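S.K.: got a predicted model here, sequence first, then my questions.
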Amino acid sequence: MARDPYDVIGVARSASADEIKRAFRKKAKALHPDANPKDDKAQDRFAELNNAYELLSDADKKRQFDRGEIDAEGKPRFAGFEGFGGGRPGGGPGGPNAETIFETFNFGRDGFRRGGGQGRGQQGGPPPMDEFFDILSGMTGGPAGGRGRGRAHSPFDQDFGPPPAGEDVTLTLKVPFLDAARGSTQRVVLPSGESIDLKIPPGTREGHRMRLRGKGKAASLGRPPGDAYVVVSVEPHPAFRADGKDLRLDLPIALDEAILGGKVRAPTLDGEVELTLPAMTSSGKTFRLRGKGMAGDGGSGDLYVTVRIVLPEASADLEGFARVLKERRKGDPRDGM
């Protein structure tokens, strides 16, 4: 039995849609199978989290679940027998109780027969089916009585609704960083063996979830199949790091470039650009390139370039230069720490 989706995501029932979304994304990063490669149950927990979010992110399904109309798997809750006679020990108004039914119908050596003293039918043999349902109807609070007052409904006439649709499935799609940032088309293989080309929009980030209607498991009795949910796992890049819709990049520079300044080339999603370094640029200084981040709501983010000085190979000239700098240095760069 599926757990309560609110407990799975870790939010209260009063949580807003934004709170549910933030909690889901936080847990998705923590429970992702790639982050737990040695945990055999990581895939199951991740699928459980996605199924819970699928239910709570759908406003209609969330309302149905809150009203108790569907269960944690999104399946209808069936109204079965709530107890004979509407829950009262003596049965419904005007109807027989449990003792009456066993007095009326007995199981003995001669098989199923009418009991003694009640006398509405012949002795021996099963009672007419409509009389049997008359008595059951009286026990469940329905209209009791014989043929003269109309045939009572059998509890087996209960409408249990249509059979359930096929099960949903969750797939993890690994996408290279640049393909996710720039947008691309990726091939997905479904559990059925069908391959489809899935469009990845520019600016796609870790945990992005896409729904493929009718691509889940097949159902029986002509019911529609379930849906397939594709969760994007963005592979790391050796240089770029995502920070929301902003990007961060560590850029190596030579010692002479840091001291003298000048123009250096820096990679972006759109190709290389020239970055102007002022003279005496320290390692760790960050430059902002507006609009060079990833696509997102309200426009693209920015690219933050942090320079890292790379020292040249050791030489006598470099050592002599360093000694001169040491002699002329004033103060300790670590003062104030």
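M.R.: It's in.
S.K.: what helix or strand is the residue nearest the centre of the chain located in?
M.R.: Geometric centre of the chain, nearest residue: residue 50, 1.8 Å, by Cα atoms, centre = their mean. Following DSSP states H and E, the helix or strand that holds residue 50 is helix 42-57.
S.K.: what's downstream of that helix, the next helix or strand?
M.R.: With elements assigned by DSSP H and E, the helix or strand that comes after helix 42-57 is helix 59-66.
S.K.: what about residue 197, distance to residue 296?
M.R.: Distance of residue 197 to residue 296, given as Cβ to Cβ, to the nearest Å: 24 Å. From N, CA and C alone the C-beta is placed, and that goes for glycine too.
S.K.: those two: which is more packed in?
M.R.: Between residue 197 and residue 296, residue 296 has the larger neighbour count (other Cβ atoms under 10 Å), namely 14 against 8.
S.K.: picking that back up, next, the buried residues of the helix holding residue 50.
M.R.: The neighbour-count check on helix 42-57 (16 or more other Cβ atoms under 10 Å) flags 42, 45-57 as buried.
S.K.: for stretch 210-219, same thing?
M.R.: Buried, per 16+ other Cβ under 10 Å, within stretch 210-219: 210, 212, 215-217.
S.K.: cool, stretch 275-288 as well?
M.R.: With burial defined by 16+ other Cβ under 10 Å, the residues of stretch 275-288 counted as buried are 275, 277, 281, 287.
S.K.: and stretch 28-38, by the same measure?
M.R.: Result for stretch 28-38 [16+ other Cβ under 10 Å]: buried residues 28, 31-33.
S.K.: got a list of what residue 227 touches?
M.R.: Residue 227 sits next to 168-169, 211-216 when contact means Cβ atoms under 8 Å, 6 or more residues apart in numbering.
S.K.: rerun at 6 Å
M.R.: Taking Cβ atoms under 6 Å, 6 or more residues apart in numbering, we find residue 227 in contact with 168, 211, 213, 216.
S.K.: same thing with residue 302?
M.R.: Neighbour list for residue 302: 246, 288, 290, 293 [criterion: Cβ under 6 Å, 6+ apart].
S.K.: pLDDT score assigned to the last one?
M.R.: Note on residue 293: pLDDT of 95.
S.K.: which non-adjacent residue is nearest it?
M.R.: residue 301 (2.8 Å; Cβ to Cβ, 6 or more residues apart in numbering).
S.K.: from residue 287, how far off is the one you found?
M.R.: From residue 301 over to residue 287 (counting by Cβ to Cβ), the distance is 15 Å.
S.K.: who are the packing partners of the helix or strand residue 287 falls within?
M.R.: Using DSSP H and E, residue 287 maps to strand 286-289. Under the contact criterion of 3 or more Cβ pairs under 6 Å, 6 or more residues apart in numbering; DSSP states H and E, strand 286-289 touches strand 303-310.
S.K.: so where do the helices sit in the stretch 101-250 of the chain?
M.R.: In the stretch 101-250 of the chain, the helices defined using DSSP state H, counting those that start in this stretch lie at 129-139, 177-182.
S.K.: weakest of these by average pLDDT?
M.R.: helix 129-139 (a mean of 49).
S.K.: if we can go back for a sec, make JSON lines out of the buried residues of helix 42-57 and add pLDDT and distance to residue 186.
M.R.: Output for the buried residues of helix 42-57, formatted as JSON lines (pLDDT from 0 to 100; distance: Cβ to Cβ, whole Å):
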{"residue": "42", "pLDDT": "86", "distance to residue 186": "22"}
{"residue": "45", "pLDDT": "88", "distance to residue 186": "24"}
{"residue": "46", "pLDDT": "89", "distance to residue 186": "19"}
{"residue": "47", "pLDDT": "88", "distance to residue 186": "20"}
{"residue": "48", "pLDDT": "91", "distance to residue 186": "25"}
{"residue": "49", "pLDDT": "91", "distance to residue 186": "22"}
{"residue": "50", "pLDDT": "89", "distance to residue 186": "18"}
{"residue": "51", "pLDDT": "91", "distance to residue 186": "23"}
{"residue": "52", "pLDDT": "92", "distance to residue 186": "25"}
{"residue": "53", "pLDDT": "93", "distance to residue 186": "22"}
{"residue": "54", "pLDDT": "91", "distance to residue 186": "21"}
{"residue": "55", "pLDDT": "92", "distance to residue 186": "26"}
{"residue": "56", "pLDDT": "94", "distance to residue 186": "27"}
{"residue": "57", "pLDDT": "92", "distance to residue 186": "23"}
